[in-house]
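1. Quick one: sequence and predicted model below, then my questions.
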Amino acid sequence: MKLVGKLIKWHRNKQKITQEQLAEGICSMTQLSKIENGQVQVNEELLVEIANRLNIPEEKLVAPIDQEHYQMAEQLITAIHEYDIPTAQELEAKLVNKRHDLLHYDLDFLCLLARFGYMLLMKRLSEADQLYETIMNYDEIFEETAPYSFHKFIGDYLINKCLFFDAKSHLHKAERLLPDQEDPELYVLIAVANSHLENVLTSNQYARRALRIFQEKLYYSRIIECEIILASNYTFVNEYQQAKEQLERIESLIDHKFEKHSKVKINFHLSLINAMQNNYGEAIQLLKENLETDVNETELMHSRYLLAHTYYITDRFDEALELIETGRTLAQAHQLNYYLIKFKSLKLVIEKKSEDLVDFLNKSALPFFKVTGQAFDLRYYYQLLGYTLYNMKKYKRAAEVLMVADEQRRRFLEYNIDKK
């Protein structure tokens, strides 16, 4: 029962009760300090008195732990780490049928963490959002419950929120917790985070480490995931033809009926390449195909935004604005600030509201991308700000901003060329 002391301390601090106030008439302050730090065993009678004073259900501190229930939660977490969806679904269904009211804290927190990981695995992000708030409220407790799973799952969640810099921090903490073991799914997540941060070399290294393990296990769908990451990274170093050839090769190997998520990712990256090569018709066709695919809406946000942007480039403004409004509604529903910023910026561009756009870029977009670390977006929005200022005849300020954008581009190119 390793969490008892920490939870007592958490509730005491939350209620702004001193150790002296909690201990009065129950035990000495010294003993309470040892209880909170997990240094002594505590009898049930003492725990009941503490629970009553803190106004928490005594069962949370003293209830016996159902070992079958506990092992099932641990097995679910293992299945999530191994990306074993059938086993995870079977275990989650069994756990749902168990009573979860007034579980001992040790079991309760393990079950909550397992459920959070499961929602991420199944891309049920609205449910993951609700659990995330609880987990971060008790973050130090969840970290004590299962440190590796905590940091890996939080990193996965932040990737889904396009908060790649923070995601990478948690994922590397997870990596340091398993120095003598390999987890290819962790490597995939680190590769994805670094890809979006345009750390192409690092992304490729982790994707290849994961790929080697998946190839040894003949884990087909995960091999495809690694191949997509490696192919997409070519676009960041302007090797479009190589990226396109690899993506088309991967597409020819997959079963579109069962690999819908892979197909969506491939279509997106192919459409991005086509858009960057001014093949707008092909890009639009691929993106529209994606939006008709039966996958989670959050997986389609990249495609929805790129299609809106491509409509803007090709002067199809009404269609672009329609997509923007739908996209903003979905981004709001799924708490995706990344896309709220991108859709609003594009809307201001189309509506030619230059003053509003400059204000929004300075106060919202650029600060956001500085914090999240997305180099591509940071360069793009610096350029957008520079060109907007230039069109407003604010030439000096425009030149300063465009120099910053060029410096961002130069640093990225130097980093990736030097590391080849």
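-> Alright, I've got the coordinates.

2. and the protein, what are its domains?
-> According to automatic domain parsing, the chain comprises the domains 4-62, 67-159, 255-351, 354-420.

3. Please write out the alpha-carbon positions of the helix or strand containing E143 in PDB.
-> According to DSSP states H and E, E143 maps onto helix 139-145. Extracted C-alpha coordinates of helix 139-145, given in PDB (Å, rounded to 0.1, in the frame of the first residue of the first chain):
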ATOM      1  CA  ASP A 139       0.500  14.000 -11.000                       C
ATOM      2  CA  GLU A 140       3.000  13.300  -8.200                       C
ATOM      3  CA  ILE A 141       0.800  10.400  -7.100                       C
ATOM      4  CA  PHE A 142       0.400   8.900 -10.500                       C
ATOM      5  CA  GLU A 143       4.100   9.200 -11.100                       C
ATOM      6  CA  GLU A 144       4.600   7.200  -7.900                       C
ATOM      7  CA  THR A 145       2.000   4.600  -9.000                       C
END
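
4. re earlier: could you export the domains of the chain as a markdown table, including mean neighbour count and mean pLDDT?
-> Any C-beta I mention is one placed from the backbone N, CA and C, and that applies to glycine too. Shown next, in a markdown table, are the domains of the chain (neighbours: other C-beta atoms under 10 Å; pLDDT from 0 to 100):
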| stretch | mean neighbour count | mean pLDDT |
| --- | --- | --- |
| domain 4-62 | 16 | 90 |
| domain 67-159 | 18 | 93 |
| domain 255-351 | 18 | 94 |
| domain 354-420 | 16 | 82 |
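
5. My guess is Y187 contacts A207. True?
-> Yes: in this structure, Y187 is within contact of A207 by C-beta atoms under 8 Å, at 7.2 Å.

6. what about the helices in the stretch 201-350 of the chain?
-> 220-236, 240-253, 260-276, 280-291, 301-313, 317-333, 337-350 (DSSP state H, counting those that start in this stretch).

7. How about the first one, which residues are buried there?
-> Taking 16 or more other C-beta atoms under 10 Å as the basis for neighbour counts, the residues of helix 220-236 that come out buried are 222-236.

8. ok so, going back, more neighbours, Y187 and A207?
-> A207 (27 against 23; other C-beta atoms under 10 Å).

9. Quick check: the more buried one vs Y234, distance?
-> Separation of A207 from Y234 (C-beta to C-beta, to the nearest Å) stands at 12 Å.

10. Then Q246?
-> Taken as C-beta to C-beta, the span from Q246 to Y234 is 7 Å.

11. repeat for K98
-> 47 Å.

12. that older thread, follow the chain on from the helix holding E143 and name the next helix or strand.
-> helix 147-160.

13. what sits up against that next one?
-> Applying C-beta atoms under 8 Å, 6 or more residues apart in numbering, the external contacts of helix 147-160 come out as 77, 80-81, 113, 116-117, 120, 123, 125, 128, 132, 135, 139, 142-143, 164, 166-171, 173-174, 177-178, 183, 185-186, 189, 192-193, 196, 298.

14. Just the CA atoms from that helix would do, formatted as CSV, please.
-> C-alpha atoms of helix 147-160 as CSV (Å, rounded to 0.1, in the frame of the first residue of the first chain):
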residue,chain,number,x,y,z
PRO,A,147,6.5,6.2,-13.2
TYR,A,148,7.2,4.7,-16.7
SER,A,149,3.6,4.4,-17.7
PHE,A,150,2.8,7.8,-16.4
HIS,A,151,5.4,9.7,-18.5
LYS,A,152,4.9,7.6,-21.6
PHE,A,153,1.1,8.0,-21.5
ILE,A,154,1.4,11.8,-20.8
GLY,A,155,3.8,12.1,-23.7
ASP,A,156,1.4,10.3,-26.0
TYR,A,157,-1.5,12.5,-24.9
LEU,A,158,0.6,15.7,-25.5
ILE,A,159,1.5,14.5,-29.0
ASN,A,160,-2.3,14.2,-29.7
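
15. Downstream of that helix, the next helix or strand is which one?
-> Heading C-terminal from helix 147-160 (DSSP H and E), you reach helix 164-177.

16. Now that next one: buried residues?
-> So, applying 16+ other C-beta under 10 Å, buried residues of helix 164-177: 164-168, 170-171, 173-175, 177.

17. tally of neighbours for N194?
-> When neighbours are counted by other C-beta under 10 Å, N194 comes out with 24.

18. right, and it touches V188 too?
-> No: at 11.0 Å, N194 does not count as touching V188 under the criterion of C-beta under 8 Å.

19. Tell me the residues that contact both of these two, please.
-> Y206.

20. about what we covered before: show residues contacting the helix holding E143.
-> Applying C-beta under 8 Å, 6+ apart, the contact partners of helix 139-145 are 2-3, 6-7, 10, 105-106, 109-110, 112-113, 135, 150-151.
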